[in-house]
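J.: Any chance you can model this:
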Amino acid sequence: MTEALGIHRLRTFDSAAEAEAAVLAAIAEALSAAISERGQALWIGAGGGTPKPVYQQLATLDLPWDKVTLSQVDERFVPVDDAASNTKMMAEAAAAVIVKGMRFDTLIRDLSDAGLCAQQAETLLCGFNDGNAPEFDLTLLGMGPDKHYASIFPGHAINATVYDTEALVLPVAPASGGAEPKLPRITLTVKALNRSRRIVLYITGQEKRDALMAAIANPNPDTAPIGAFLAQCPVPVDIVWCP
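T.: So this is what the prediction gives:
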């Protein structure tokens, strides 16, 4: 079932297997088109448990993986071999296509300072476009039940700047009082995410669907970051959901 949400659409599937197949089909279409048109493809993905099975199934796609680069929407500011690192999860989950030649670049470049790391990550991404702001052929986003996306959390000070900053990557300080994020992070900004040719938002479970619909109804950036993002996003977002 498909439901229009302004310029965006919500596609509902009965099972995780069907939803994952839809996400994989979107990835294949976007990367194939990029390779046909420009000779290479650049895409970015979310961490967390929801997209992990998608990364694990990438090898089922018939693509010239040596022409594909994957990077990240955001990352915790921890060593890449840390249990909390999405770099570790993504590299392990996508191992079958990495050995086929896909390049995987983490946002974590230098652990001495989060601000410096963000600057280095921005330089890395701009390197894919001759030093200019990159364009992503596909962005795979996730969302938490608290309505956060990337590392843009409700109630966090970053919401005051992330929609207007010219930066492509920012450091995110831990929240106070035990709120998320508990660890420092690095995140792509709204300006960076808006430079996607295609965006897929993949969520599962009734709690996240309810949170998404509430966020769309009241897109306050401080309380519903994903709603604020969708409200301003110039790219039609393909929202894929299953119970």
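J.: what does the biggest helix by length in the chain rub up against?
T.: When the chain is parsed with DSSP state H, its longest helix is helix 16-38. Applying C-beta atoms under 8 Å, 6 or more residues apart in numbering, the external contacts of helix 16-38 come out as 11, 13, 40-43, 51, 53-54, 57-58, 60-64, 67-68, 137-138, 140, 197-198, 200, 202, 204, 238, 240-242. Glycine gets a C-beta too; all of them are placed from N, C-alpha and C.
J.: what number of residues lie near residue 19?
T.: 23 (other C-beta atoms under 10 Å).
J.: For it, give its distance to residue 204.
T.: 7 Å (C-beta to C-beta, to the nearest Å).
J.: any residues in contact with both of the two?
T.: 241-242.
J.: Give me the pLDDT value at the residue located most distally from the centre of the chain.
T.: For the chain, the largest distance from the centre (C-alpha atoms, centre = their mean) belongs to residue 177, which lies 26.3 Å off. You'll see residue 177 listed with a pLDDT of 84.
J.: Could you do the one 4 residues further on as well?
T.: If you check residue 181, the pLDDT there is 96.
J.: okay, and for this structure, where does confidence drop off?
T.: Along the chain, no part satisfies pLDDT under 70.
J.: what are the ranges of the helices in this protein?
T.: 16-38, 52-56, 86-93, 95-98, 114-126, 190-193, 206-217, 225-232.
J.: Same list, those helices, but as JSON lines with distance to residue 156 please.
T.: Output for the helices of the chain, formatted as JSON lines (distance: least, C-beta to C-beta, whole Å):
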{"stretch": "helix 16-38", "distance to residue 156": "27"}
{"stretch": "helix 52-56", "distance to residue 156": "25"}
{"stretch": "helix 86-93", "distance to residue 156": "18"}
{"stretch": "helix 95-98", "distance to residue 156": "32"}
{"stretch": "helix 114-126", "distance to residue 156": "14"}
{"stretch": "helix 190-193", "distance to residue 156": "14"}
{"stretch": "helix 206-217", "distance to residue 156": "15"}
{"stretch": "helix 225-232", "distance to residue 156": "8"}
